[in-house]
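Engineer: build me a structure from this.
(chains A, B, C and D)
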Number of protein chains: 2
Amino acid sequence: MAKPSNPSAQTLAEIIHQDVVTQVQQELPAVDTSVKLAELFKLFGDSTRLRLLQCLLVHEMCGLDLAATLGVSKSCISHHLRALKIANLVRFRREGQIIFYDLADDHVKQILAMGLEHIIEPQ
Amino acid sequence: MAKPSNPSAQTLAEIIHQDVVTQVQQELPAVDTSVKLAELFKLFGDSTRLRLLQCLLVHEMCGLDLAATLGVSKSCISHHLRALKIANLVRFRREGQIIFYDLADDHVKQILAMGLEHIIEPQ
DNA sequence: TAAACAGTTGAACAATTATTCAACTATTGG
DNA sequence: CCAATAGTTGAATAATTGTTCAACTGTTTA
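Structural biologist: Numbers count the residues shown, from 1 in each chain, chains lettered A, B, ... in the order given. All right, here's what the predicted structure looks like:
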């Protein structure tokens, strides 16, 4: 995200436990997979966008109602909804000039629930 | 995250479906809860940090091995590990000058697995 | 057809953040 | 105790990103 600049990594770390590193390297997902996964979680990582999803957890809603509920501009909501649509996190249906948004599938609800669990019982 | 500046929201959205908005407002979690939840997901939302967690999913590791495996500086790893420790996502044990890190609990694994599921079957 | 209005778009900007560097601390082995 | 080394810290910086504004598109209804 930031400063991937300096190409000559001056402080390249030495491997200490070669056996472990070898095993991890073999079982680690492809970089591309991690990047896509991170992009998914990033969508849950902004409180406005997360709250937008939490709204849709309660009821399908149109853009202006979402904007009013969350106290942000309709443009802001539109930008967020676009990102959520691309990631297949929300679905929508048009009714005249109004577009109603809804959560796309159960994964979203499960991810939200799992996160809440961790917050509640930090043990 | 950015430009919460302009205090006089010029484009304040009008509520269209008052009944829905009222219901959503009642069932929506407290703002503080959403903020904390977003902060949790944010930790999964960077590919380096996510990959670090995926390493620990395979085996407990020390900082230098993590740095070498992920191709970043030990300082970078240390910064990430600190954030993950504060959020109770990783645990550690010291053995001499080496500190071994591990995933804190099953929530982490479940959240990662849930995310992967969504990526794999996009519908 | 024109006015009204829900939603979109992209540029601009403020804020956040991921990373590195350099210097530091802490722990062990000789 | 001193040297070596794993890890930490904070400042600096590049990059990303969330939000708004202003102008636009598309749909409806008067």
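Engineer: run the chain-centre distance for stretch A:92-103.
Structural biologist: Chain-centre distance of stretch A:92-103: 22 Å, with Cα atoms, centre = their mean, to the nearest Å.
Engineer: buried stuff in that stretch?
Structural biologist: Neighbour-count burial for stretch A:92-103, with 16 or more other Cβ atoms under 10 Å in any protein chain shown as criterion, is recorded at A:100-101, A:103. In this view, the C-beta of every residue, glycine as well, is placed from N, C-alpha and C.
Engineer: which residues sit against that stretch?
Structural biologist: A:53, A:56-57, A:60-63, A:66, A:81, A:85, A:89-91, A:109, B:16 (Cβ atoms under 8 Å, 6 or more residues apart in numbering or on different chains).
Engineer: with stretch A:48-59 instead?
Structural biologist: Residues outside stretch A:48-59 that contact it (Cβ under 8 Å, 6+ apart): A:43-44, A:61, A:66, A:69-70, A:72, A:76-77, A:80-81, A:83-84, A:89-90, A:101-103, A:108-109, A:112, B:20, B:23-24, B:27-29, B:31, B:34, B:37-38, B:41.
Engineer: helices - which of those residues land there?
Structural biologist: If you go by DSSP state H, the contacts of stretch A:48-59 have A:43-44, A:66, A:69-70, A:76-77, A:80-81, A:83-84, A:108-109, A:112, B:20, B:23-24, B:27, B:31, B:34, B:37-38, B:41 in helices.
Engineer: filter those residues down to the buried ones.
Structural biologist: A:43-44, A:66, A:69-70, A:76-77, A:80-81, A:84, A:108, A:112, B:20, B:24, B:34, B:37-38, B:41.
Engineer: filter the residues you listed down to the ones near DNA strand C?
Structural biologist: Among these, proximity to DNA strand C is found for A:77, A:81 (Cβ under 7 Å from any atom of the strand).
Engineer: just give the nearest non-adjacent residue to the residue nearest to the spatial centre of chain A, would you?
Structural biologist: For chain A, the residue nearest the mean C-alpha position is A:L43 (2.4 Å; Cα atoms, centre = their mean). The shortest distance from A:L43 to any non-neighbouring residue, by Cβ to Cβ, 6 or more residues apart in numbering or on different chains, is to A:A87 (5.6 Å).
Engineer: A:M114: neighbouring residues, count only.
Structural biologist: 19 (other Cβ atoms under 10 Å in any protein chain shown).
Engineer: er, A:Q25 I mean
Structural biologist: 12.
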